[in-house]
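K.L.:
turn this into a structure:
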Amino acid sequence: MVKIIKTADGSSTLFNSEIGEHYHSINGALQESKHVFLKTGLEFFLTNNSQPSVSILEVGFGTGLNYLLTADYCFREKIQLNYIGIELFPLSKNVIEQTGNTTYVSPEIKDDFLFNYEKALKEQVNIGSGTLFIDVCDVKDYQSNTNIDIIYFDAFAAVHQPEMWTEEILANVCHYLKSGGIFVTYAITGNLKRTMKSLGFTIEKVPGAPGKREMLRATKK
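P.N.:
The predicted model follows:
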């Protein structure tokens, strides 16, 4: 059961009563997504790696906000985007529309995304200047032939969904990350830092989105 909630910056998120958690920060869903994933993840990576294309794996596709902002950025900057989302319980197209998240991107990306969303749950689709595939699977079972530049780790918080933050899960998704690739998440805990170091990552504590002092960015050695 999900309920639409207005956040502090005027954008919306969802509250999952079964998990007891919001999909995004109530301090500002749009601000959080832009800061954690777009600025600290994508823009940081492209600043340090001049390349015409980028591959991203998102754990927890949710409302699609992180994807929409990323696809819009890449469309404007003429960067080829290959995006894979992992989502065991995909939201309906109707719920995604009701959040209003599609209003934050260009009409081209908005229309392509809404038209292709349900198809993207089954196969790769073309949207804007790239592709999208939403793998409807348990993250522990995720398998792919695609090597990834950036991982957006946007699972529910460990206090509500600890099974998503185990070494087994993190090792599985990070296996697909290229050397020099970036892992970003809104969270930062001692356990997470220790796990990422054990998996061969260099750890950075960087300023968090509104409401959070710090977040984690990790680079695969």
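
K.L.:
could you identify the helix or strand that succeeds the helix or strand containing E118?
P.N.:
Using DSSP states H and E, E118 falls within helix 107-120. Following helix 107-120 in sequence order, the next helix or strand is strand 125-127 (DSSP H and E).

K.L.:
residues in contact with that following strand?
P.N.:
If you take Cβ atoms under 8 Å, 6 or more residues apart in numbering as the criterion, strand 125-127 is touched by 71, 109, 112-113, 116, 119-120, 131-133. Glycine gets a C-beta too; all of them are placed from N, C-alpha and C.

K.L.:
and the pLDDT at the residue in the chain sticking out farthest from the centre?
P.N.:
Relative to the centre of the chain, and counting by Cα atoms, centre = their mean, the farthest-placed residue is S198 at 22.6 Å. For S198, the pLDDT comes out at 97.

K.L.:
what's the answer for E18, then?
P.N.:
89.

K.L.:
now it: closest residue in space, sequence neighbours ignored.
P.N.:
Excluding its sequence neighbours, the residue lying closest to E18 (Cβ to Cβ, 6 or more residues apart in numbering) is M1, at 6.3 Å.

K.L.:
now G60
P.N.:
Leaving aside its sequence neighbours, G60 sits nearest to D154 (Cβ to Cβ, 6+ apart; 4.1 Å).

K.L.:
wait, doesn't that neighbour sit right on I56?
P.N.:
No - counting by Cβ atoms under 8 Å, D154 sits too far from I56 to count as a contact (11.4 Å).

K.L.:
ok so, going back, the residue nearest to E18 and A158, how far apart?
P.N.:
22 Å (Cβ to Cβ, to the nearest Å).

K.L.:
the more surrounded of those two?
P.N.:
Set side by side, M1 and A158 show more neighbours around A158, with 15 against 7, by other Cβ atoms under 10 Å.

K.L.:
contact partners for that one?
P.N.:
164-165, 187, 189, 191-192.

K.L.:
same question, P52
P.N.:
So P52 contacts 78-80 (Cβ under 8 Å, 6+ apart).

K.L.:
which among these end up buried?
P.N.:
Burial by neighbour count, 16 or more other Cβ atoms under 10 Å: within the contacts of P52 this picks out I79.

K.L.:
P207: which of the contacts of P52 is nearest?
P.N.:
Nearest to P207 among these is I79, at 24.9 Å by Cβ to Cβ.

K.L.:
now the closest one: how far from D112?
P.N.:
From I79 to D112 the distance is 16 Å (Cβ to Cβ).
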